[in-house]
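Enquirer: 3D model of this:
(4 chains)
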There are 2 protein chains.
Amino acid sequence: MTTTDNTKQSNRDKKQQQLLDAAEKLFSQTGYDGASMSMIAKEASVPKANVLYYFKNKDSLYEAVLDRIVAQWNLGLENITPDDDPAVVLYNYIKSKIKLAIEQPMQSRLFASEIIRGAPYLQGYLRNSARPWIREKSALFQAWIDAGKMNAIDPQHLLFAIWSTTQYYADFEAEVLLVQNKLEYENSDVEKITQSIAQLILTGVGLAIPE
Amino acid sequence: MTTTDNTKQSNRDKKQQQLLDAAEKLFSQTGYDGASMSMIAKEASVPKANVLYYFKNKDSLYEAVLDRIVAQWNLGLENITPDDDPAVVLYNYIKSKIKLAIEQPMQSRLFASEIIRGAPYLQGYLRNSARPWIREKSALFQAWIDAGKMNAIDPQHLLFAIWSTTQYYADFEAEVLLVQNKLEYENSDVEKITQSIAQLILTGVGLAIPE
DNA sequence: GTCTATAATCAGATAGAC
DNA sequence: GTCTATCTGATTATAGAC
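Expert: Coordinates of the predicted model:
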């Protein structure tokens, strides 16, 4: 009350958002070490040394970017029960992951860079959030298998396969586009990729593609 | 003859190899910008500023590392004809890729970092080598499909799916191990992963796993 | 041919003016 | 609360001694 009012608070929030957006872009393009604070400042239209006024240091800015990404990460497979139809659930999950990979590739790429480096900043997330999430979903898959709803497969490797095949179109976009001699993905690509991946994964566990 | 003899030549080659090994390790761990020339020199047991005597600059060292990786890359799917059995060919390819991912993850990770950054140094390779290679293999897959040997699928996306699912165990090793609460892959993992991936891919295109 | 000393640049971070 | 000027250290690269 005494030190801040609403406009100042929201101004600060706004600049922080600008910086997070700029940092996400640059960290995902050139990695943690490749992106400098001055580049991020320039991208966010904030005076260079001012970045450290909004974020204590480079590490904390990087962490804040990762936190924001992780927060909107594991959506799309929530509120699922053993009574649901695995074909529908898996198909929709694959479809949404591919849509995300193509429309918001930067987040996937930054996440990938972090893991490739040995996940120095995401150890806690992987241990405390990702691990229990995966165990929960694995149990669900196993319940479907035990009920004869789909063929037996190691549930964790099934999850890894879904993540790898879908995120590939974000992380390796440069390769996919170059090989196909395209400048960017076309609208029809989302559908085409979804069909190919869904065919492999769903048929692979004995399910038919819905509709 | 006048300026070098065999021992000096081989001494130079030896140091270059040491430097390439060290650079591959460090570039794959922390990326192009994260690995400094002094770290690489230390890792290779070569005086710091001496690295630039063997390689013109940081870029050319990085390029040399990439060239060496790419040279031993696309093996495992050579000398294949439409007369071969797709199930055997694909199974062996998947198996060898997973073995490579687990035993030599650094190469896959460095390659992935480079592509994530937009492939600044691998554009030429992707355009001139990878693209025709993929087109050739795609035509082969299509011949199998046309002959009724496997179910219809876009051959390029099939290749991407094989690469993504197998390389995932190298690139995202930190995540896979953390989630499974392991320090490193066990011998049995290669077999287990191969079975899971082969099941998805092969069953996914209507093939049975060989033997 | 090999290595030491050093230059030139740029990074992240800080002190203090407004 | 915001921003300018500056510091310290690390980086790549070079010049030149052995």
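
Enquirer: Flag the shaky bits of chain A, pLDDT-wise.
Expert: Counting by pLDDT under 70, chain A shows low-confidence ranges at A:1-9, A:74-75.

Enquirer: Report the secondary structure state of A:Tyr185.
Expert: For A:Tyr185, the secondary-structure state derived from DSSP: H, G, I helix; E, B strand; the rest coil is coil.

Enquirer: is it true that A:Ala35 touches A:Gln29?
Expert: Yes: counting by C-beta atoms under 8 Å, A:Ala35 sits close enough to A:Gln29 to count as a contact (7.1 Å). For the C-beta atoms, the positions are set from N, CA and C on the backbone; glycine is no exception.

Enquirer: who has more neighbours, these two?
Expert: The neighbour comparison of A:Ala35 against A:Gln29 (other C-beta atoms under 10 Å in any protein chain shown) goes to A:Ala35, with 23 against 17.

Enquirer: The more buried one and chain B: what is the separation?
Expert: Using C-beta to the nearest C-beta, to the nearest Å, we find A:Ala35 at a distance of 8 Å from chain B.

Enquirer: could you list every residue that touches that residue?
Expert: With contact set as C-beta atoms under 8 Å, 6 or more residues apart in numbering or on different chains, A:Ala35 has these partners: A:Ala23, A:Leu26, A:Phe27, A:Gln29.

Enquirer: where's it relative to A:Ala22, distance?
Expert: Relative to A:Ala22, A:Ala35 is positioned 9 Å away (criterion: C-beta to C-beta, to the nearest Å).

Enquirer: Nearest residue to A:His157 in space, please, no chain neighbours.
Expert: If you skip the residues right next to it in sequence, A:His157 has B:Ser196 as its closest partner in space, 3.7 Å away by C-beta to C-beta, 6 or more residues apart in numbering or on different chains.

Enquirer: Could you pick out the longest helix of chain A?
Expert: Selection of the longest helix in chain A by residue count, based on DSSP state H, yields helix A:6-34.

Enquirer: Compute the inter-axis angle for that one and helix B:6-34.
Expert: Compare the direction of helix A:6-34 with that of helix B:6-34 by axes from the mean of the first three to the mean of the last three C-alpha atoms, to 10 degrees and you get 170 degrees.

Enquirer: How about the helix or strand following helix A:6-34 and DNA strand D, touching?
Expert: Moving toward the C-terminus from helix A:6-34, the next helix or strand (DSSP states H and E) is helix A:37-43. No: using C-beta under 7 Å from any atom of the strand, helix A:37-43 stays clear of DNA strand D, with a minimum separation of 9.5 Å.

Enquirer: helices and strands around helix A:37-43, which ones?
Expert: Packing partners of helix A:37-43 (3 or more C-beta pairs under 8 Å, 6 or more residues apart in numbering or on different chains; DSSP states H and E): helix A:6-34, helix A:51-54, helix A:58-71.

Enquirer: wait, doesn't A:Ile98 sit right on A:Thr194?
Expert: Yes: checked against C-beta under 8 Å, the pair A:Ile98 and A:Thr194 is within contact range at 5.2 Å.
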